[in-house]
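Novice: Provided below for reference: sequence and predicted model.
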There are 2 protein chains.
Amino acid sequence: MRMTPQRQLVLDAVHELEHATPEQICAHVQRGAPAVNITTIYRTLDLLEGLELVRHTHLGHGAPSYSVRPHEHVHLVCHDCGEITEIPPEELDGLAGALRARRGFELDPTHLALSGRCAPCSHIDEGSHIDEGSHIDEGRQADEEDDR
Amino acid sequence: MRMTPQRQLVLDAVHELEHATPEQICAHVQRGAPAVNITTIYRTLDLLEGLELVRHTHLGHGAPSYSVRPHEHVHLVCHDCGEITEIPPEELDGLAGALRARRGFELDPTHLALSGRCAPCSHIDEGSHIDEGSHIDEGRQADEEDDR
DNA sequence: ATAGCTGCAAACGGTTTGCCTCACA
DNA sequence: TGTGAGGCAAACCGTTTGCAGCTAT
């Protein structure tokens, strides 16, 4: 395997962006090297994943999110506002131990996100819609077209 | 809203199939009513989900899986062989309580699957590849093209 | 010369959209 | 008669494939 410029660029992009979809990585790479094709992004991500340099996480809907390998954590996705929170994998140790003991299942908590509602969204609902969307900013919204 | 024949058929299919993708539901419905279009399946699933009659779970890759609402459980997906195991949501009560207490996050454990390796796959690996793919049957495999 | 990497275009699976028609309250 | 449901075709996003040309060995 050769570490070509394209491959280095993709790896750099994954490092810089943290939690980026292939499309976002592509856009980032193309800012410096417009000729790079999205096909190459996909092929390279596959390759880097095989080398255990990066890994991807499914956040629920749409495209997976890539991050660099040593940087592992569990993702909590709010399905109201789309906010993503990271927590250390150790918080799932109890569950992981139980699953291993009870059914021999080796949990890999970083590969799939956990879904639910973040604190602000839970509170909004308790107080019967105080101010719809108050803490939701432009960046990424999950209103109607939420998930799926 | 009217409970049209198509809608009833989709709801029936979700009941009968349990954990079916929209495409599978469509195929099932079309066995009895070939004219029903996949568009209708999607629209109806959306609708039934809004009515809280069904819900979908992301099993990681590809299409989500729909099941009837009261029948809830957590899914464990093996990313070696693709096997799906169901466990009662109560097994995550400890984790859910911790997330709620520590960060106000209301976990919805049925919406996203948990990923890892099932017991047989873990054992294969411990014994350094005794018989590659021994317990894996034709139905659904996850070898190379596994996830993503 | 030959392998491997890349770009391009086309296909793909899953899903959504627009539009036109139809049935029914 | 007007509203909403369904069918169809086309668009869409995310991803993969085939193939041809290039490049470093």
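Specialist: Sure thing, it's come through. Numbering: from 1, shown residues only, chains lettered A, B, ... in the order given.
Novice: helix, strand or coil for A:Glu91?
Specialist: Assigned with DSSP: H, G, I helix; E, B strand; the rest coil, A:Glu91 falls in the helix class.
Novice: tell me the pLDDT at it?
Specialist: pLDDT, A:Glu91: 87.
Novice: can you say which helix or strand has the closest residue to it other than its chain neighbours in it?
Specialist: Counting by CB to CB, 6 or more residues apart in numbering or on different chains, B:Ala98 is the residue found nearest to A:Glu91 once chain neighbours are left out, at 6.5 Å. C-beta coordinates here come from the backbone N, C-alpha and C atoms, glycine included. For B:Ala98, the element it lies in under DSSP states H and E is helix B:93-103.
Novice: what's in contact with that helix?
Specialist: Contact with helix B:93-103 is made by A:76, A:85, A:87, A:91-92, A:94-95, A:98, A:114, A:116, A:119, B:105-107, B:109, as judged by CB atoms under 8 Å, 6 or more residues apart in numbering or on different chains.
Novice: stretch A:20-27 now?
Specialist: A:10, A:13-14, A:17, A:28, A:36, A:38, A:41-42, A:45, A:62-66.
Novice: what about 7 Å?
Specialist: A:Val10, A:Ala13, A:Val14, A:Leu17, A:Ile38, A:Ile41, A:Tyr42, A:Leu45, A:Ala63, A:Pro64, A:Ser65, A:Tyr66 (CB atoms under 7 Å, 6 or more residues apart in numbering or on different chains).
Novice: report the buried residues of it.
Specialist: A:Ala20, A:Thr21, A:Pro22, A:Gln24, A:Ile25, A:Cys26 (16 or more other CB atoms under 10 Å in any protein chain shown).
Novice: how about stretch A:78-90?
Specialist: Buried-residue list, stretch A:78-90, by 16+ other CB under 10 Å: A:Cys78, A:His79, A:Asp80, A:Cys81, A:Gly82, A:Glu83, A:Ile84, A:Thr85, A:Glu86, A:Ile87.
Novice: restrict the contacts of helix B:93-103 to those near DNA strand C?
Specialist: Near DNA strand C, judged by CB under 7 Å from any atom of the strand, there are no entries from these.
Novice: pull the most distant pair out of these.
Specialist: A:Ala98 and A:Ala119 (25.6 Å; CB to CB).
Novice: give me the residue at the spatial middle of chain A.
Specialist: Central residue of chain A (CA atoms, centre = their mean): A:Ser65, 3.8 Å from the mean position.
Novice: okay, now the unreliable bits of chain A?
Specialist: Residues of chain A meeting the criterion pLDDT under 70: A:70-71, A:123-148.
Novice: and it, which residues reach DNA strand D?
Specialist: So chain A meets DNA strand D at A:Arg2, A:Thr21, A:Pro22, A:Glu23, A:Ile38, A:Thr39, A:Tyr42, A:Arg43, A:Asp46, A:Gly62, A:Ala63, A:Pro64 (CB under 7 Å from any atom of the strand).
Novice: change it to 10 Å
Specialist: Residues of chain A found near DNA strand D (CB under 10 Å from any atom of the strand) are A:2, A:4-5, A:21-26, A:37-43, A:45-46, A:56, A:58, A:61-66.
Novice: make a ChimeraX selection of the buried ones in these.
Specialist: Buried subset of those, written as a ChimeraX selection, criterion 16+ other CB under 10 Å:
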select /A:21,22,24,25,26,40,41,45,56,58,64,65,66
